[in-house]
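build the 3D model from these lines:
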Amino acid sequence: MLPGLASSSCYSPVFLFKQLEHLKLPYVKPYRSVDDCLELMQERGLVVRDATHAKRALTRIGYYRLSAFSYPFREFCQTTDGRLTRCERFKDGATFDQVMSFYLFDKALRMELMDAIERIEIAIRTALIEVIGAVNPQGHLDPRTYKPRFSESKDGEETDFAKFVVGLEETFKGSKEEFAKHFGRNYSGNPPIWVKAGTWQWGHLTHILRFLDEAHKTAIAERINPNLPRKTMQSWVSALNDVRNDCAHHSRLWNKPLINSPGLPKAKIIPELDHLRERRVGDDAPTKRIYSAIVVMIYILKQFYPKTQWQCRLKNRILAERLPAEIGLATAGFPDGWEMQPIWQ
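Take a look at the predicted model:
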């Protein structure tokens, strides 16, 4: 119950949100120099063996960003209501070198994933071009290509479809790609989907697949596997879009939950994915960690590139890494014996 309110059950969510906003504390933490930040980390128990190296790292990376990679090395404390939460104090023996090793490992992982994501994005974009373009070269601009609700007006406002089309036009016109400039110089009218799609990013693909009609969506899913449900395929694209954004924006990947978990087809439809159904300790959903997204990436890659060895390179890189328990394989959703699963062979 909020202070001063007889019962919170009779108030609207918006009202309650505004009341909670008043209860938040103002941010008053002061700016700290690199020297101050390093001193603070040492005061909290982090072992710094080479202060010069640590200062250079903080100067390049920043204390706030590096804090995300130091977080797993903090102690647990019990709150007044009995919950466990991370303290500001570091665990005994935790070192700055461990934090940096984690940072560099996560960076290397993102670079490996971007290699696969690039190929997957291009392959799915090509499938979308072929499926829509075979019916209508301007199909991406045709409301009949999408679900009816995409073109429904709400209270007389501009439809989501109309806004989306304007966005596609602005993306193409603003493109610095030579093929886009060439089309603008030499042709009139709207470019066909196989030209315009060259300027689309994964976010465009995610949005299109979300509203695409069932026939088109099914046809794209069948390019990956004839038995792949369209809803599962759509969830994969959404999940990998989040991973792609994390990679592109240099965000930590290894031990944090996915925003959108990749869905799974029914058991035995794609046997290589069945082990993802096994619940791992500490997860509220079996596919909530990066391991599941990686397995989906491997599967899609194998469908478009049957001779790919990407999964072997990634497996060897991960196995060669000596990860401390605080950021071990389980924190990224890797099950015991993962490297022996058929998908990794």
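
quick one, longest strand in the chain?
For the chain, the longest strand by residue count, based on DSSP state E, is strand 84-90.

and that strand, what's buried?
Buried residues in strand 84-90, counted by 16 or more other CB atoms under 10 Å: residue 90. For every residue, glycine as well, the C-beta is placed using N, CA and C.

all further residue positions should be reported with the first residue as 706.
In the new count, where the first residue is 706, that last one comes out as strand 789-795.

quick check: buried residues in the helix or strand just after it?
Per DSSP states H and E, the first helix or strand lying C-terminal to strand 789-795 is helix 801-840. Taking 16+ other CB under 10 Å as the neighbour-count basis, helix 801-840 is seen to contain the buried residues 801, 803-808, 810-811, 814-815, 817-818, 821-822, 824-826, 828-830, 832-834, 836-838.

tell me the helices and strands packed up against helix 801-840.
Judged by 3 or more CB pairs under 8 Å, 6 or more residues apart in numbering; DSSP states H and E, helix 801-840 is in contact with helix 756-766, helix 768-775, helix 898-901, helix 907-916, helix 919-929, helix 935-953, helix 995-1009, helix 1015-1025.

pLDDT averaged over the shortest one, what's the number?
In this case it means helix 898-901. pLDDT averaged over helix 898-901 equals 95, rounded to a whole number.

the spatially closest residue to residue 904 that is not a sequence neighbour: neighbour count?
Using CB to CB, 6 or more residues apart in numbering and skipping residues adjacent in sequence, the residue nearest residue 904 is residue 880, 4.3 Å away. Other residues within reach of residue 880, judged by other CB atoms under 10 Å, total 17.

I'd say residue 880 and residue 905 touch.
No: if you go by CB atoms under 8 Å, residue 880 and residue 905 don't touch, sitting 9.8 Å apart.

grab the nearest non-local neighbour of residue 782.
Once flanking residues are discounted, residue 782 sits nearest to residue 792: 4.0 Å by CB to CB, 6+ apart.

so what's the one you found up against?
The contact partners of residue 792, taken as CB atoms under 8 Å, 6 or more residues apart in numbering, are 779-782.

quick check, nearest of those residues to residue 1041?
Taking CB to CB as the measure, residue 781 is the one of the contacts of residue 792 closest to residue 1041, at 24.0 Å.

the closest one pairs with what?
Applying DSSP bridges to residue 781 gives these bridge partners: residue 791.

how close does residue 1045 get to residue 1039?
Noted for residue 1045: a distance of 12 Å to residue 1039, by CB to CB, to the nearest Å.

who has more neighbours, the two?
Looking at residue 1045 and residue 1039 with other CB under 10 Å, you find the greater number of neighbours at residue 1039, namely 19 against 8.

I figured that one hits residue 983, correct?
No: the pair residue 1039 / residue 983 is not scored as a contact, 11.5 Å apart, by CB under 8 Å.

got the phi/psi numbers for residue 754?
In this entry, residue 754 is assigned phi and psi values of phi -80, psi -30 (degrees, to the nearest 10).

can you pull the contacts of it?
800-802 are the contacts of residue 754 under CB under 8 Å, 6+ apart.

now stretch 771-790, how far from the centre of its chain.
Stretch 771-790 has its C-alpha centroid displaced from the chain centroid by 24 Å (CA atoms, centre = their mean, to the nearest Å).

run a quick neighbour tally on residue 841.
Around residue 841 there are 14 other residues, counting by other CB under 10 Å.

contacting residues around it?
847, 850.

ok, the one 5 residues further on next?
For residue 846, the contact set (CB under 8 Å, 6+ apart) comprises 870, 873, 895.

so which of those belong to helices?
Applying DSSP state H to the contacts of residue 846, the entries found in helices are 870, 873.

tell me which of the contacts of residue 846 is nearest to residue 968?
The closest of the contacts of residue 846 to residue 968 turns out to be residue 873 (CB to CB; 26.8 Å).

give me the neighbour count for residue 1009.
Each residue near residue 1009 was counted by other CB under 10 Å, and the total is 16.

for the residue nearest to residue 782, give me the pLDDT.
At residue 792, the predicted lDDT confidence score is 88.

for residue 749, see how far away it is.
Taking CB to CB, one finds residue 792 at 9 Å from residue 749.

so how far is residue 829 from the nearest residue to residue 815 once chain neighbours are set aside?
With CB to CB, 6+ apart as the criterion, residue 815 has its nearest non-adjacent residue at 4.4 Å, and that residue is residue 952. Relative to residue 829, residue 952 is positioned 16 Å away (CB to CB).

residue 864: which of the helices and strands packed on helix 801-840 is closest?
Closest of these to residue 864 is helix 907-916, at 11.0 Å (criterion: CB to CB).

tell me, how many residues neighbour the closest residue in space to residue 956 that isn't next to it in sequence?
Nearest non-adjacent residue to residue 956, counting by CB to CB, 6+ apart: residue 950, 7.6 Å away. Other residues lying near residue 950 total 14 when counted by other CB under 10 Å.

mind listing what residue 950 touches?
907-908, 956 are the contacts of residue 950 under CB under 8 Å, 6+ apart.

and of these, the nearest to residue 865?
Ranked by distance to residue 865 (CB to CB), these are led by residue 908 at 14.7 Å.

how many residues are close by the closest one?
Quick note: residue 908 (other CB under 10 Å) scores 11 neighbours.

hang on, it packs against residue 945?
No: with the criterion set as CB under 8 Å, residue 908 and residue 945 do not qualify as a contacting pair; they are 11.4 Å apart.
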